[in-house]
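Participant: predicted coordinates and the sequence they were generated for:
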There are 2 protein chains.
Amino acid sequence: MSPVTIRDVATRLNLSITTVSRALDGYADVAAATRARVETAAREMGYAPSHMARQMRRQRTDAIGFVIPVTRKLEGGSRAFADPYFSEFIAGLGDEATRHRLDLLVSVATEEDEQPIYERWARGRRVDGFVLNRMRAHDWRARFLLRNSLPFVANGREIGEVTYPFIEVDSRSGFSQLVAHLAGLGHRRIAYIGGLPNLRSQSDRLSGYRAGLKKAGIAFDKRLVAAGDLTRQGGYLAALELLQRAPRPTALIGMNDMTALGAMRAANELGLQVGRDVAIAGFDGIDDGAHASPPLTTLIQPAYSIARQSVQMLVALINGDPIVERQIVLQPELVARASTLGTS
Amino acid sequence: MSPVTIRDVATRLNLSITTVSRALDGYADVAAATRARVETAAREMGYAPSHMARQMRRQRTDAIGFVIPVTRKLEGGSRAFADPYFSEFIAGLGDEATRHRLDLLVSVATEEDEQPIYERWARGRRVDGFVLNRMRAHDWRARFLLRNSLPFVANGREIGEVTYPFIEVDSRSGFSQLVAHLAGLGHRRIAYIGGLPNLRSQSDRLSGYRAGLKKAGIAFDKRLVAAGDLTRQGGYLAALELLQRAPRPTALIGMNDMTALGAMRAANELGLQVGRDVAIAGFDGIDDGAHASPPLTTLIQPAYSIARQSVQMLVALINGDPIVERQIVLQPELVARASTLGTS
DNA sequence: AGTCCAGTCCAAAACGTTTTGGGTATCCGC
DNA sequence: GCGGATACCCAAAACGTTTTGGACTGGACT
């Protein structure tokens, strides 16, 4: 059962390996009869070209890399990416990758552990390109990959002018909308639970929040801003504190849905009914939000299709094809549900 | 910025590529001084061996493959693996893989689409081994991989005698425990929401359920058994129906946590308070269950560490190392929470 | 009867490593 | 001053493809 090589096929047919290769690759300079012989022989012998050898020759790996970000280690050394946003994202990457006959290499790492992985993949030329996610305000990954001239598509972007291709959701305008939504429902004390300060999206979303307040004629109050860490637990803790402050906020916006779901739990524990006693909203549009009780008001960013588009762009970059749009900004879609509207 | 090869390093130092290779690989037959020269030169030039070439020579890919199972396509062609169980599992695979300097190749596929992926990876010798999950009662993958003599570790196993290595959670005994737990709380009408009939775990869990009933002296009633599809939606629909049957079941067991969470939602919608009006329990121990309101009673199966162990076994298989335990059966841990205990 | 062309086929190079099987000094003991 | 060990180094093969640059037929056209 040792793997059958192109040479085996060639000797069996008394042909050169060149001809076998060309026959299978559909070149025009092989006789129809020969091609047929080669094809049946290959099928019978169970021949498939060795991916390694092919890569070696073509100087391509036919693989793209994605490092799943994870905020912290769980106790006991265990570590999980709790955010279903990434499940959707990975599904998108996987689907689009197989469509292009690419393989998807993944790894799971915190921000501190990620560097060796990128280096290993880049240095060892293990992948043809990268998809980057959760961009930081200043992100060494972009510079590293540019320096090594490895193609990548970013999901979000750093602060300042940026030349590399990215797909981004305009979370600034999203959060502004969200505040407008809440203000429209009569809320004046709208709190915000942010995330890791070095994330680009953190500053965007916070500034969207502030812009929204301004538009609604509400003064910004920094005591209404708390820090989470993008996890449910982070949102839970932050909300627990916020909701026990002197004039209690009547509405809570989480930087992402997981944060908001954690906040919902905190509200429950304090005996507050979400949607009636306190409004809570998030950002992402994950499934769990839609199925929570009450269902969570959120801004939907289409993780699945963003992932697919990212792969498409990346493929174009790798092949050197012209790219129509190198820098895409999508608008999130506000979906108002019972967590802000009350029983509906 | 074109990649620097071993030859570049060699010519710069007036050494043979052999010596450079051996110096970097730590062989004894290279002078200490030379090794030092090589090492600094390599570092300065940013040399790292090409993974492709190394694989080619060693006839190893240093990668393992995992196909994430997904039950159904969502509307709009989109597809996601909604089950956080797999997030944890993948995190475990990823962590352990990097510990062994292996790469993890993933793909996302429904049961119908998976075959080409396995074939591509196996035929093209893209990976050194596989981790299999969600084993079916009769699973072509095991036979396919055995036939092609590719190492793999199964998570669960097929029906009947099985020779390949696997790690399994004894869900039969788990479900029996779960029924005992509910019976102990006074429940007599305990319903069961199952899953896809071809899954091995389906028959195990159902038979555990029946064994539990028997032990508790409760007659099996097939009208209390419904079919889900392992998703939240499936659980929701099944529960909606079950809870509207003539003598309403007082307890619901979901085949997995997602099913149970869906059932909780159905109960809510019907105005039933989970934990008081109806008890609900699941299986998996995912995070969302612990954070649901009320928190979900469940049987914890340690996805993260199962995944890590699977990789460890797989590595041993690949290297031909002796394996202490080829077939591991773990006991799930019953965690009783408010969804069956009531307010606690 | 040469020239050209289309139709088939192939030998050899190349991709970047690791490993095999030596080769050449240098040094030691006698 | 010689045999043999020791320390260091290297040429070449091999891994399995794809691609380059022809080579060899016949037949058609001058």
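Facilitator: Thanks, I have it.
Participant: got the buried residues for the host helix or strand of A:Arg37?
Facilitator: A:Arg37 belongs to helix A:32-45 when assigned by DSSP states H and E. Using 16 or more other Cβ atoms under 10 Å in any protein chain shown as the test for burial, helix A:32-45 gives A:Arg35, A:Arg37, A:Val38, A:Ala41, A:Ala42. The way it works is simple: take the backbone N, C-alpha and C, and place the C-beta from them, glycine included.
Participant: and that helix, does that touch chain B?
Facilitator: No: Helix A:32-45 stays clear of chain B (Cβ under 8 Å from any Cβ of the partner chain), getting no nearer than 10.9 Å.
Participant: run through who's touching that helix.
Facilitator: Here helix A:32-45 makes contact (Cβ atoms under 8 Å, 6 or more residues apart in numbering or on different chains) with A:Val4, A:Asp8, A:Val9, A:Arg12, A:Leu13, A:Leu15, A:Thr19, A:Val20, A:Ala23, A:Leu24, A:Val30, A:Tyr47.
Participant: run the last query once more with 6 Å
Facilitator: The contact list for helix A:32-45 (Cβ atoms under 6 Å, 6 or more residues apart in numbering or on different chains) reads A:Val4, A:Val9, A:Leu13, A:Val20, A:Ala23.
Participant: so which of the residues you listed belong to helices?
Facilitator: Under the assignment DSSP state H, the contacts of helix A:32-45 contribute A:Val9, A:Leu13, A:Val20, A:Ala23 to helices.
Participant: the helix holding A:Arg37 near DNA strand C anywhere?
Facilitator: Yes: against DNA strand C, helix A:32-45 shows contacts by Cβ under 7 Å from any atom of the strand at A:Ala32, A:Thr34.
Participant: avg pLDDT for that helix?
Facilitator: Regarding helix A:32-45, the rounded mean pLDDT is 96.
Participant: what residues does chain A have near DNA strand D?
Facilitator: Close to DNA strand D, as judged by Cβ under 7 Å from any atom of the strand, chain A has residues A:3, A:5-7, A:17-18, A:21-22, A:24-25, A:29, A:47, A:49-50, A:52-54, A:56-58.
Participant: all helices for chain A, in order.
Facilitator: A:6-13, A:17-25, A:32-45, A:51-58, A:84-99, A:114-123, A:140-147, A:171-184, A:200-216, A:232-242, A:257-269, A:287-291, A:303-319, A:338-341.
Participant: average pLDDT for the first one?
Facilitator: If I follow you right, that is helix A:6-13. Rounded mean pLDDT across helix A:6-13 is 96.
Participant: and that helix, does that touch chain B?
Facilitator: No: contact of helix A:6-13 with chain B (Cβ under 6 Å from any Cβ of the partner chain) is absent, the minimum separation being 12.5 Å.
Participant: try stretch A:95-111
Facilitator: Yes: residues of stretch A:95-111 are located near chain B by Cβ under 6 Å from any Cβ, namely A:Asp103, A:Leu104, A:Leu105, A:Val106, A:Ser107, A:Val108.
Participant: highest neighbour count among these?
Facilitator: A:Asp103 (28 neighbours; other Cβ atoms under 10 Å in any protein chain shown).
Participant: wait, it sits on B:Leu105?
Facilitator: Yes: counting by Cβ atoms under 6 Å, A:Asp103 does reach B:Leu105; the two are 5.4 Å apart.
Participant: circling back: neighbour-wise, which of the ones in helices among the contacts of helix A:32-45 leads?
Facilitator: A:Val20 leads those on contacts (other Cβ under 10 Å) with 28 neighbours.
Participant: so for that one, what's the pLDDT?
Facilitator: Reading off the model, A:Val20 has pLDDT 97.
Participant: you'd agree it is up against A:Ile6?
Facilitator: Yes: with contacts counted by Cβ under 6 Å, A:Val20 reaches A:Ile6, the gap being 5.4 Å.
Participant: what residues does chain A have near chain B?
Facilitator: Along chain A, the residues adjacent to chain B under the rule Cβ under 6 Å from any Cβ are A:1, A:48, A:50-52, A:55-56, A:78-82, A:87-88, A:91, A:94, A:103-108, A:123-126, A:149, A:232, A:265, A:268, A:287, A:291, A:293, A:304.
Participant: hang on, the earlier thing: B:Val274: which of the ones in helices among the contacts of helix A:32-45 is nearest?
Facilitator: Comparing the ones in helices among the contacts of helix A:32-45 against B:Val274 with Cβ to Cβ picks out A:Val9 as the nearest, at 62.4 Å.
Participant: look at A:Pro116 and say how many residues are nearby.
Facilitator: Number of residues near A:Pro116 (other Cβ under 10 Å) recorded here: 11.
Participant: what pLDDT does the model give it?
Facilitator: The predicted local confidence for A:Pro116 is 94.
Participant: for A:Leu185, give me its contacts.
Facilitator: Listed by Cβ under 6 Å, 6+ apart, the contact set of A:Leu185 is empty.
Participant: for the helices of chain A, which one sits closest to A:Glu325?
Facilitator: Of all the helices of chain A, helix A:303-319 sits nearest to A:Glu325, with 8.2 Å by Cβ to Cβ.
Participant: list the buried residues of the closest one.
Facilitator: A:303-318.
Participant: next one: stretch A:209-221
Facilitator: Buried residues in stretch A:209-221, counted by 16+ other Cβ under 10 Å: A:Tyr209, A:Arg210, A:Ala211, A:Gly212, A:Leu213, A:Ala216, A:Ile218.
Participant: now stretch A:152-164
Facilitator: A:Phe152, A:Val153, A:Ala154, A:Asn155, A:Gly156, A:Arg157, A:Glu158, A:Tyr164.
Participant: distance between the ends of that stretch?
Facilitator: End-to-end distance for stretch A:152-164, by Cα to Cα, to the nearest Å: 8 Å.
Participant: nearest spatial neighbour of A:Thr5, chain-adjacent residues omitted?
Facilitator: A:Ser50 (7.0 Å; Cβ to Cβ, 6 or more residues apart in numbering or on different chains).
Participant: next, count neighbours for the one you found.
Facilitator: 20.
Participant: do you know how far it is from A:Asp8?
Facilitator: Computed as Cβ to Cβ, to the nearest Å, the A:Ser50 to A:Asp8 distance reads 12 Å.
Participant: one more: A:Gly320?
Facilitator: As judged by Cβ to Cβ, A:Gly320 and A:Asp8 stand 35 Å apart.
Participant: and those two? which has more neighbours close in?
Facilitator: Comparing A:Gly320 with A:Asp8 by neighbour count (other Cβ under 10 Å), the higher total belongs to A:Asp8, at 17 against 8.
Participant: what about the residue lying closest to A:Ala154 once chain neighbours are set aside, how many neighbours?
Facilitator: Residue nearest to A:Ala154 in three dimensions, not counting chain neighbours: A:Phe166, with 4.0 Å by Cβ to Cβ, 6+ apart. As a burial measure, A:Phe166 scores 22 neighbours (other Cβ under 10 Å).
Participant: surely A:Phe166 is in contact with A:Arg157?
Facilitator: Yes: applying Cβ under 6 Å, one finds A:Phe166 in contact with A:Arg157, separated by 4.6 Å.
Participant: quick check: neighbours shared by the two?
Facilitator: With Cβ under 6 Å, 6+ apart as the test, A:Phe166 and A:Arg157 reach no residue in common.
Participant: show me what counts as buried in stretch A:86-101.
Facilitator: For stretch A:86-101, by 16+ other Cβ under 10 Å, it's A:86-98.
Participant: returning to what we had before: quick check, nearest of the buried residues of stretch A:152-164 to DNA strand C?
Facilitator: A:Phe152 (20.9 Å; Cβ to the nearest atom of the strand).
Participant: quick one: pLDDT of that closest one?
Facilitator: For A:Phe152, pLDDT reads 98.
Participant: what of A:Pro197?
Facilitator: In this prediction, A:Pro197 carries a pLDDT score of 88.
Participant: that'll do, ta.
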